[in-house]
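A.B. asks: Sequence first, then the predicted structure, then my questions.
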Amino acid sequence: MIMGFPNKHTSENWLQTITQYVSAPYCEAANSSNRQAFLAITLKNENVGRVYACEKQEWSGWFSLTDEQTTNRISTVAEAKAACKRIQSAQSLPIACKFNYLNDTPGIFLRLRNKSEYGRYKRTLMKSLVEPFCSAENKKRQFAIVAFKLDEYNLVKFYSCPDSKSTEWKNYSGQGV
């Protein structure tokens, strides 16, 4: 479903109403049928948009509809490995990142200290690394996963690329993530 508005101010004024009266029933129907669904907002004279993901029940930030550089494009395993190396080498980020295969399944393994850091970096990691990686693997019809591990609680959750769904946090007793 796509809705257009004349400007950001008008769309922001209507956002809560749209979420309550349009998104909620639309998404409830989609989610109860196990269908992935999105709502989008566009602006009349600005090539920008915003997306509401029904499964996550949250709005994205504004993004360009024309600029190919708005998300880091990851289209190969080599690009995913390079993105992990950039994250790993960024000393200002408290994130460990590793690309690896688990039983012939490509995966990105991200390690953070705690839930607070996970909450702080989740959106950026999803938009700049996880979603582009999964999109590339899904186009190749290659099953892929992303694992998030929290050191402080020794918890792990897995994100399935084909489903775009995460497991709940689980105790982790293994090694390597």
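C.D. replies: Yep, that arrived.
A.B. asks: now the protein, which segments are flagged as low pLDDT?
C.D. replies: Scanning the chain for pLDDT under 70 picks out 36, 64-75, 174-177.
A.B. asks: Domains of it: list them as residue ranges, please.
C.D. replies: Domain assignment for the chain by automatic domain parsing gives 2-64, 77-171.
A.B. asks: Give me whichever of those is most buried.
C.D. replies: Of all the domains of the chain, domain 77-171 carries the top mean neighbour count, a mean of 16, counting by mean count of other CB atoms under 10 Å. Quick note: C-beta positions are derived from backbone N, CA and C, even for glycine.
A.B. asks: State the distance from the spatially most central residue of the chain to Ser166.
C.D. replies: In the chain, the residue lying closest to the centroid (CA atoms, centre = their mean) is Met126, at 3.1 Å. Remark: distance between Met126 and Ser166 (CB to CB, to the nearest Å) = 10 Å.
A.B. asks: which residues of this protein fall in strands?
C.D. replies: Here the chain has its strands, by DSSP state E, at 2-5, 38-43, 48-53, 58-59, 63-64, 95-102, 105-112, 145-150, 155-160, 165-166, 170-171.
A.B. asks: For these, give me CSV that also has distance to Gln88.
C.D. replies: What follows is these, written out as CSV (distance: least, CB to CB, whole Å):
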stretch, distance to Gln88
strand 2-5, 38
strand 38-43, 32
strand 48-53, 28
strand 58-59, 28
strand 63-64, 26
strand 95-102, 5
strand 105-112, 10
strand 145-150, 14
strand 155-160, 18
strand 165-166, 22
strand 170-171, 24
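A.B. asks: Out of these, which gets nearest to Arg86?
C.D. replies: Arg86 lies closest, by CB to CB, to one member of the strands of the chain: strand 95-102, at 8.4 Å.
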